[in-house]
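**Student:** here are the coordinates; sequence isn't available:
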């Protein structure tokens, strides 16, 4: 069954993505923009609010993803675990401070059923350390399941961040 506003005839064209209602596309694109801005501005509570309570957040190298291997750099299995990670960043992890800037490509809706969409988007994260030039930190794509909740907002039920390089500079501290 297709979600309201979904064009069922477009479902076979996964290479091009689904044609969906422009308002739904705009709402989902806003979710991606809001999540990226919240991370860039270190508004971590707002970032966490972009997820469902029983969400899954996985950061995984492309090599493992392509081979179907479960090993991930970061795996968080609920909104509570997202909060724990943010607490650890602020209270227990020691690292040189830096700023992130996310650039998120256009979203592609590749599957739709009821109020659940499978969405993909490319991304690049730039990192700027104090008194140093900005550098490309992480590049890849996200493979997400977004759902419309009871108040009509779209949220991430599942977010899999697949980064292209097997190597990452130092470590991933902040969510990607």
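**Tutor:** The structure has been received and is ready for your questions. Because the structure is a prediction, the values reported are computed rather than measured.
**Student:** In a strand, residue 71, correct?
**Tutor:** No - counting by DSSP: H, G, I helix; E, B strand; the rest coil, residue 71 is not part of a strand but coil.
**Student:** Would you agree it is in contact with residue 63?
**Tutor:** No - at 9.5 Å, residue 71 does not count as touching residue 63 under the criterion of C-beta atoms under 8 Å. C-betas here are computed from N, CA, C, even on glycine.
**Student:** the more surrounded of these two?
**Tutor:** residue 63 (14 against 11; other C-beta atoms under 10 Å).
**Student:** I'd say that one and residue 166 touch.
**Tutor:** Yes - here residue 63 reaches residue 166: they are 5.3 Å apart, a contact under C-beta under 8 Å.
**Student:** what comes up buried for the lengthiest helix in the chain?
**Tutor:** With secondary structure taken from DSSP state H, the chain has its longest helix at helix 22-40. Neighbour-count burial for helix 22-40, with 16 or more other C-beta atoms under 10 Å as criterion, is recorded at 24, 25, 28, 29, 31, 32, 34, 35, 36, 38, 39, 40.
**Student:** Please apply the same query to stretch 79-93.
**Tutor:** Neighbour-count burial for stretch 79-93 [16+ other C-beta under 10 Å]: 79, 82, 85, 86.
**Student:** Work out for me the element the third one sits within.
**Tutor:** Element membership of residue 85 [criterion: DSSP states H and E] is helix 79-91.
**Student:** Quick one: residues in contact with that helix.
**Tutor:** 44-45, 47-48, 51-55, 57, 74, 76, 173-175 (C-beta atoms under 8 Å, 6 or more residues apart in numbering).
**Student:** can we see that at 10 Å?
**Tutor:** Under the criterion C-beta atoms under 10 Å, 6 or more residues apart in numbering, residues 42, 44-45, 47-57, 74-76, 78, 93, 95, 155, 173-175 lie in contact with helix 79-91.
**Student:** roughly how far out does that helix sit from the chain middle?
**Tutor:** 17 Å (C-alpha atoms, centre = their mean, to the nearest Å).
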